[in-house]
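Peer 1: what follows is a predicted protein model with its sequence.
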Amino acid sequence: MNPRYLPLTATVAIFLIAYAVCIAQYPNMLSTRVIGNLLTDNAFLGIAAVGMTFVILSGGIDLSIGAVIAFTGVFLAVLLQATSIHPLVAFALALAITTAFGALMGAIIHHLEMPPFIVTLAGMFLARGMAFVLSIDSIPIKHPFYATLKGFYYKLPGGGRITLIGGLMLVVFAAGILIAHRTRFGANDYALGGGTATARLMGVPIAGTTIGIYALSGFLAGLSGIVFSLYTSAGYSLATVGVELDAIAAVVIGGTLLTGGSGFVAGTLVGILIQGLIQTYITFDGSLSSWWTKILIGLLLFAFILLQKGLIHFTGRRRRYA
Amino acid sequence: MQPDNSHVLSATGIDKIFPGARALNRVDFSLRRGEVHALLGENGAGKSTLVKCLTGAYRRDGGRILVDGVDADPQSTLEAQNLGIGTVYQEVNLLPNLTVAENLFLGRQPKRFGLVNAREMNRRARALLAEYELDIDVTAELAAYSVAVQQVVAIARAVDLSGKVLILDEPTASLDAHEVAMLFRIVRRLKERGLGIIFITHFLEQVYEISDRITVLRNGQLVGTRETAELSRRELIAMMLGRELVQEVAAEHGAKSEAGEVRFRFRGFGRKGHIQPFDLDVRAGEVVGIAGLLGSGRTETAEILFGAERADSGTAEADGRALDLTSPRAAIREKFGFCPEDRKVDGIIGDLSVRENIALALQARRGWARPISRSEQDRLADDYIKALDIRTSDREKPIKLLSGGNQQKAILARWLATNPDFLILDEPTRGIDVGAHAEIIRLIESLCEKGMSLIVISSELEELVAYSSRVIVLRDRAHVAELTGGKVTTEGIVEAIAAGGRADA
Amino acid sequence: MTSTLKAYALRLFPQVAALAVILLMVSIAFPGFFRLEMQNGRLYGSLIDILNRGAPVALLAIGMTVVIATKGIDLSVGAVMAICGAVAAACITSGYGLVATLLVTLGTGILCGLWNGILVAVLDIQPIIATLVLMVAGRGIAQLITEGAILTFNDAGLIFIGGGSFLGLPMPVVIWIAFGIVVALLVRRTALGMLIEALGVNRRASMLSGVSTGVLLIAAYVLSGLCAAIAGIIAAADIRGADANNAGLWLELDAILAVVVGGTSLLGGRFSIAASLLGALIIQSINTGILLSGFPPEFNLIIKAAIIVLILVIQSPRAQTAFAFLSRPRAGEKKTEQEAK
Amino acid sequence: ADMTVGFSQIGSESGWRAAETTLTKQQAEQRGIDLKFADAQQKQENQIKALRSFIAQGVDAILIAPVVATGWDEVLQEAKDAEIPVILLDRKVDASDDLYMTAVTSDTVHEGNVAGKWLVDTVAGKPCNVVELQGTTGSSPAIDRKKGFEEAIAGHDNLKIVRSQTGDFTRTKGKEVMESFLKAEDGGKNICALYAHNDDMAVGAIQAIKEAGLKPGTDILVVSIDAVPDIFQAMAAGEANATVELTPNMAGPAFDALDAFRKDGAAPAKWIQTESKLYTQADDPAKVYEEKKGLGY
Ligand SMILES: Nc1ncnc2c1ncn2[C@@H]1O[C@H](COP(=O)(O)OP(=O)(O)OP(=O)(O)O)[C@@H](O)[C@H]1O
Ligand SMILES: Nc1ncnc2c1ncn2[C@@H]1O[C@H](COP(=O)(O)OP(=O)(O)OP(=O)(O)O)[C@@H](O)[C@H]1O
Ligand SMILES: [Mg+2]
Ligand SMILES: [Mg+2]
């Protein structure tokens, strides 16, 4: 097997082993409900994490996504409450704004040569602040179209459902995989992660790619915000605090190097599922106090990383320093 | 200069100013169709800078560029590529994290239904590399291959990109004779097709073998452009250095002191998957050369001797005392030094100043609690900048801003500053100009006289022959022959390498 | 010597300028801003508040600077603050003396740093994810100690660390300034600074040059843990209780921001502790300024974001070169021409 | 255990909530209920996930302390479809009331109202500048407690809110913000009363007032909400004036309702309101402190 796929394979293997262990303890976890929930409940996180994967592959980071998701939700709620425009139009508007927002951050990062960490941190403050300014209340969305959208789902035998948003996440992942590995934009993304200076000398359009990457992340954060607003039928400025860290963790657990240039979009999906599994397991257990919950999540995170390292190490991946 | 139709590329009055240094001063340069034009000069003369200005990698501060007689102003390498200019930059070894095929076709991947057609891309990549007799897995990451393979890939990419002009900035530095011959065959073929080729190197033999015209730069200024056939070596060197070189290197031979006692003794030293166990004796005051083809395990030998890779078999002793070579730090404590081959990755600390780069190893050996005082560091840096003629405007300049050859000299200075007993040099003269080349060889000899033991790895056999008292020949990651005394000749080495047939591609 | 001093001044100029501009802006919005008076033997005023409230971030920024210089990052500092605050409160309420309490608490911080350091240096886990483990689990550990409640204490000695004063300055201010000076001297008067910078720029090349990269990496995280421990003690002493839920919450981001505003690159290498401390003061000035200005809290984040972006834009390499270009036209060129002759 | 109940708690962001968790666990234990506890770490998405997991596990009933009012329709509908009764604790939701069995909450607007009324009565017409320490921006208790307080002082022109900032419900921020209020209002001489959205912020602010050389409770009146033990200590020392109780025992009434429902199918009222009791210095704060100390605050 090509050693490039080793981290990915290791991650998938770990997920399957972990799931098997969970089922051994709680047979109920095999139900289609749990699987359906895993997709539905993590849909917004997964979609945002696809954007994060592209950003991290390029050697950057995007801390703004949690705030952008919240902003999108509040924006939609306020818009649908105050005007009578159709949600689809509102969606398009929201996506346009978040994409532009991402592109703006990308432009600042590229043209002012500022570190992504800080630019997107400021972006996070700004997006969350804008959400506050729009409304500090949580606003329900009562538009009938939302109900229609929620009515679309595929019922699995055993009571589980593949919902619209769960399906959308899978579609986004498929599109993400295609973009990453089957387009020039994707190749340029990896190239940036390998080294900006070298990529520039090799003729990669740095400016366009950087801006494109953050715009994509902004777009997907916006999409994730739409999904989140469907998920909760509301907009709330305090929602999804810290989601960026969950997304980063999913990306890294999925085998992508935070230094950029190496990893897979598909890995992120597994990373998301692993995190979802940890949470489901903890809820099924249901005996942990608040603090033990945190400690256990930390320990499981550590165990997964360690296991991944171990698997990769023992299957012998010799890599020259680059 | 008038635009001339026979010139595929011409540049007039190119200026480039860096903060604190003027790298190019009104340089004129022109390239004819179907010629190989050598661009020569000392380290830091401005060759790479000129290339980068021509290809839009740097924004020039003045001057005009014409491609096919038409004003062109490439703002980026991408635009230069679109103009038909393919370039192999010095140091830039492509993107290690992409596959070989992706590196070759980045930005121009074959598409099908709007998507990249990976199968087609890999097929073409294999076909392309076959021309260079390189049969490697093109779907593996580039980082998995040695510097030399990476260099060949970079060349293949640039050649494939160049419709009109091919620029090669020290492409042969990490290639051995076989690869160089192959590269030249390809260059000749391109030349027949009417391409203009700019060729930068410090190997004068290669210049005379392949080039039609020569342009020499010195201190960022144009010294002159001449027909190769009309320019003698002596004159050329004088043009480059601005003075006569006292003696030419390869001429002298035999100044090697017949060394004394065996000082360092390695028995059954090796590591699985890297290099087969070998025995090695090194006397005080001798140079042991290591020769072999690419990938034959020369660098592995060096790394294992220095503890950069831990040996899993064998013993090492000095003067009968067992040595601890389990890590570079341990090796340095035993007064070992190692000047690595890949200076960008293993050598320079890019953002730190020349001074700090020179003082680093010495400081590391003394430990953090005993800092080398600033004045002492300044003195150290100044001494070596002078002794090795490191061209830098200032010892506080970040080393990454130095020209390639001068970086190499600074790394050498780092190790000389630690005054080691046993020094391993992996391709020490790579990318170093004739003047400095002679200096370094003289330096190696004087180090020997002081009783230091050296291991030198080099692809330049003449050079190896010039200073080695013995040469170890490697093949397929094993030490296969040891040449001593009168057998230390270029022919002898080539014969020993060839003895088992060519190892691999 | 004067030339190094000059280089130093030049290095800190953007931060000092930014701080001055912000203080000026705040004083326009709130005229009494610069007023200082003595009260109960200690200085009292908004400027002192900035120094005092900035203490935790300033302390965290000291450790964070060194970690970032090694090309790492430490997300766990906020959680470590919570742990150490909890440990201090637990120790003092269960009857240990002040000295024992402090030693145990600092030891805890060091232990946390050691854990991070080993994950990064020995197990070779990416710093952001290695420290994420402790960031998530650490707050749980802190809550385990306090059982989710605020553990209050009344020990005068411990409270003095948060609320006492020394030479007219609040103790936290004295502590962070003193600690900053100690660490700055430690790294600059020994070779540590240079070795850390080398490690951060090129770990492999440093290793091949004999730098003990592993030990240095661990030491950097240990220092960061120690800083977090001190910050944790101060935060707890300030409110006379350990609030495991909120102590140090999101402060890691402020600390990183302080380091970056201080001009240290997140890509490792060159660092300046003094500049990071100025960065911490800049951030605290923004916070205090917002509180004094009387805007509704909905606007806090937007104001903060706008000011930070402004500062960073001014500090960005592009703006700097433009600035340098404007301020000394062609000076560099003449000099090199002379050199060439 | 004959009954399994899932409990989705918001998190453990404050002592009050820790007490609520402790009491819920105690109550469950006393009644022999197998309690499945899930901490959502302040995230609605985690609560929804927890609810779905409870449904997938097939628990007998669900308790939830919702982090926010909106966004529960779908998951509550799922619970209803699975015939699992849901009881809301401590906060209400913005959903049709046939989606849950009952809500055991206090009225947070009313709490603010009680605090405001107390202040109105106490200053008795004298002019008084009030500073307000808000809870976390956007959180529903912060919004409601602000609203209730403003309603209570409306029409009393002698009372004026001169400064209002968020203290994030924490002691540290409460202290920091109060420090700047004091600086901004002439060293505190302009301030006659402090209204804090929770006791923790009030405790922090009290320290700030003392450090500024003023007497909390006398120079500046302090009124806050929650009635956690520490504020009673301050009241006993004369440093705080009043607090409005928010009982952490929401689970008791909830389990009572559940038992009644399971025994004879009696549907409880849709809203079981807990008392918002006002405590002042007259209520023997030292004794209340002793009572409350052991409850896991
Ligand atoms: N980015 C930069 N900033 C400042 N100075 C630079 C920069 N790049 C190059 N220089 C300086 O410009 C001069 C010319 O460098 P250049 O790389 O062109 O030399 P070169 O002729 O290619 O040498 P070599 O043979 O060693 O590769 C050197 O003195 C170098 O220090
Ligand atoms: N032509 C080739 N095809 C495939 N792999 C190669 C080739 N040449 C070298 N390699 C690989 O590159 C790695 C580097 O080998 P090593 O660095 O020991 O070579 P070397 O003898 O030092 O050559 P160099 O002249 O590049 O220093 C080896 O693992 C080898 O397998
Ligand atoms: Mg060069
Ligand atoms: Mg080699």
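Peer 2: Structure's in. What do you need? Ligands and ions are numbered 1, 2, ... in the order given.
Peer 1: which stretches of the stretch 1-150 of chain A aren't confidently modelled?
Peer 2: For the stretch 1-150 of chain A, applying pLDDT under 70 flags the ranges A:1-3.
Peer 1: please repeat the previous calculation with a cut-off of 80.
Peer 2: For the stretch 1-150 of chain A, applying pLDDT under 80 flags the ranges A:1-4, A:6-7.
Peer 1: quick one: the strands in it?
Peer 2: Ranges of strands within the stretch 1-150 of chain A are A:139-140, based on DSSP state E, counting those that start in this stretch.
Peer 1: what's the neighbour count on residue 75?
Peer 2: In the absence of a named chain, this looks at chain A. For A:Phe75, the neighbour count with other C-beta atoms under 10 Å in any protein chain shown is 25. C-betas here are computed from N, CA, C, even on glycine.
Peer 1: could you do chain D instead?
Peer 2: The tally of other residues near D:Val75 (other C-beta under 10 Å) stands at 26.
Peer 1: that one: what secondary structure?
Peer 2: Secondary structure state of D:Val75, per DSSP: H, G, I helix; E, B strand; the rest coil, is helix.
Peer 1: now do the buried residues in the strand or helix carrying C:Ile118.
Peer 2: Taking DSSP states H and E as the criterion, C:Ile118 maps to helix C:98-121. Within helix C:98-121, the residues scored as buried using 16 or more other C-beta atoms under 10 Å in any protein chain shown are C:98, C:101-102, C:104-106, C:108-113, C:115-121.
Peer 1: residues touching whichever residue of chain D sits closest to ligand 4, list them.
Peer 2: Per C-beta to the ion, the residue of chain D with the smallest distance to ligand 4 is D:Gln41, at 52.6 Å. Counting by C-beta atoms under 8 Å, 6 or more residues apart in numbering or on different chains, D:Gln41 makes contact with A:290, A:293-294, D:11.
Peer 1: right, and out of those, which lies closest to ligand 3?
Peer 2: Using C-beta to the ion, these come closest to ligand 3 at A:Lys294, 54.4 Å.
Peer 1: B:Gly404 versus the residue nearest to that closest one when sequence neighbours are not counted, what's the distance?
Peer 2: Once flanking residues are discounted, A:Lys294 sits nearest to C:Gly140: 2.9 Å by C-beta to C-beta, 6 or more residues apart in numbering or on different chains. According to C-beta to C-beta, to the nearest Å, C:Gly140 stands 52 Å off from B:Gly404.
Peer 1: circling back: dump the contacts of D:Gln41 to a markdown table, plus pLDDT.
Peer 2: Formatted as a markdown table, the contacts of D:Gln41 follow (pLDDT from 0 to 100):
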| residue | pLDDT |
| --- | --- |
| A:Ser290 | 79 |
| A:Thr293 | 82 |
| A:Lys294 | 85 |
| D:Gly11 | 86 |
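Peer 1: could these be laid out in JSON lines, adding neighbour count and secondary structure?
Peer 2: As requested, those are exported to JSON lines (neighbours: other C-beta atoms under 10 Å in any protein chain shown; DSSP: H, G, I helix; E, B strand; the rest coil):
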{"residue": "A:Ser290", "neighbour count": "27", "secondary structure": "helix"}
{"residue": "A:Thr293", "neighbour count": "27", "secondary structure": "helix"}
{"residue": "A:Lys294", "neighbour count": "26", "secondary structure": "helix"}
{"residue": "D:Gly11", "neighbour count": "22", "secondary structure": "coil"}
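Peer 1: any idea which of those residues is closest to C:Ala58?
Peer 2: A:Lys294 (27.2 Å; C-beta to C-beta).
Peer 1: residue contacts, residue 231?
Peer 2: I went with chain A, as the question did not name one. A:40, A:43-44, A:165, D:45, D:48, D:71, D:74.
Peer 1: the chain in question should be chain C.
Peer 2: Contacts of C:Ala231 (C-beta under 8 Å, 6+ apart): C:55-57, C:59-60, C:77, C:81, C:248, C:251.
Peer 1: what's the answer for D:Ala227, then?
Peer 2: D:199, D:243-246, D:277, D:279, D:288, D:292.
Peer 1: and these, which are buried?
Peer 2: Judged by 16+ other C-beta under 10 Å, buried ones among the contacts of D:Ala227: D:199, D:243-246, D:279, D:288, D:292.
Peer 1: circling back to that earlier point, so what does the helix holding C:Ile118 touch, helix or strand wise?
Peer 2: Secondary-structure packing of helix C:98-121 (3 or more C-beta pairs under 8 Å, 6 or more residues apart in numbering or on different chains; DSSP states H and E): helix C:77-93, helix C:127-146, helix C:156-163, helix C:213-239.
Peer 1: and residue 151, how many residues sit next to it?
Peer 2: Just going to use chain A. 9.
Peer 1: the intended chain is chain C.
Peer 2: C:Leu151 has 23 neighbours, counted by other C-beta under 10 Å.
Peer 1: go on, the one 4 residues further on?
Peer 2: The criterion is other C-beta under 10 Å. On that basis, C:Asp155 has 20 neighbouring residues.
Peer 1: pLDDT at it, what is it?
Peer 2: As predicted, C:Asp155 sits at a pLDDT of 91.
Peer 1: please report how far it lies from ligand 1.
Peer 2: Using C-beta to the nearest ligand atom, to the nearest Å, C:Asp155 is found at 58 Å from ligand 1.
Peer 1: tell me who's in contact with that residue.
Peer 2: Contacts for C:Asp155 (C-beta under 8 Å, 6+ apart) come out as C:92, C:98, C:101.
Peer 1: can you count the residues close to residue 99?
Peer 2: All of this refers to chain A. 20.
Peer 1: wrong one, chain B
Peer 2: Neighbourhood size, B:Thr99 [other C-beta under 10 Å]: 24.
Peer 1: helices along the stretch 1-150 of chain A, start to end?
Peer 2: Counting by DSSP state H, counting those that start in this stretch, the stretch 1-150 of chain A has helices at residues A:6-25, A:32-41, A:43-57, A:65-82, A:87-111, A:116-134, A:144-151.
Peer 1: mind listing the strands for the stretch 151-300 of chain C?
Peer 2: Under DSSP E, counting those that start in this stretch, the stretch 151-300 of chain C gives strands at C:165-166, C:169-170, C:241-243.
Peer 1: an error on my part: the question was meant for chain D.
Peer 2: Ranges of strands in chain D, per DSSP state E, are D:3-9, D:33-39, D:61-64, D:86-89, D:102-105, D:128-134, D:159-166, D:193-196, D:221-226, D:242-245, D:271-273, D:278-280.
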